[in-house]
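**Q** what follows is a predicted structure for the sequence shown.
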Amino acid sequence: MAKTYENEAQFLIVYIKEAHPSDDWASRVNSKISYIKDPTSYFERAQVANTCMAQLEINLPCLVDNMENQTARAYRAWPDRLFVVDKDGKLSYVGKPGPFGFLPREMEEVLKNEVGSP
């Protein structure tokens, strides 16, 4: 989707608190991802975000939430969530929490309405 709309919209990822750390609630949902412990410092969280992006071969800009989880709390983003921010900086799409509410096709419909078809 990011490639399809690269001239109409900016896509980015915000890496928030680890959803399935090995020292808490480990899950093997993707065989490409290694088991990791919940980061205890911003530096560790940034390293985990880097590793995740590389292992999943995601080529998007990635921001990292602070250790107080301000972004995750402000947007109720944990464990994962999709958003579309319109040209005025307002949320025009707020997906339901993942994994069951993680619906890229639904988000794309809103994006099409915002920017038109590519």
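**A** Structure received.

**Q** going forward, measure contacts and count neighbours with C-alpha atoms only.
**A** Will do.

**Q** residue contacts, residue 17?
**A** With contacts defined as C-alpha atoms under 8 Å, 6 or more residues apart in numbering, residue 17 is in contact with 38, 65, 67, 69, 72, 78-79.

**Q** of the residues you listed, closest to residue 56?
**A** residue 79 (17.1 Å; C-alpha to C-alpha).

**Q** quick check, the closest one in a strand?
**A** No: counting by DSSP: H, G, I helix; E, B strand; the rest coil, residue 79 is not part of a strand but coil.

**Q** look at it and report its pLDDT.
**A** Note on residue 79: pLDDT of 81.

**Q** please report phi then psi for the most centrally placed residue in the chain.
**A** Most central in the chain under C-alpha atoms, centre = their mean is residue 13, positioned 4.4 Å from the mean C-alpha point. Phi and psi for residue 13, reported as degrees, to the nearest 10, are phi -110, psi 140.

**Q** so what's the gap between stretch 96-109 and the chain middle?
**A** Centre-to-centre, stretch 96-109 and its host chain are 11 Å apart (C-alpha atoms, centre = their mean, to the nearest Å).

**Q** measure residue 14 to residue 65 for me?
**A** Residue 14 sits 7 Å away from residue 65, going by C-alpha to C-alpha, to the nearest Å.

**Q** could you do residue 10 as well?
**A** 19 Å.

**Q** mind checking which of those two has more residues around it?
**A** Using other C-alpha atoms under 10 Å as the criterion, residue 10 and residue 65 rank with residue 65 on top: 17 against 12.

**Q** verify the stated contact: the more buried one with residue 71.
**A** Yes: if you go by C-alpha atoms under 8 Å, residue 65 and residue 71 touch, sitting 5.9 Å apart.
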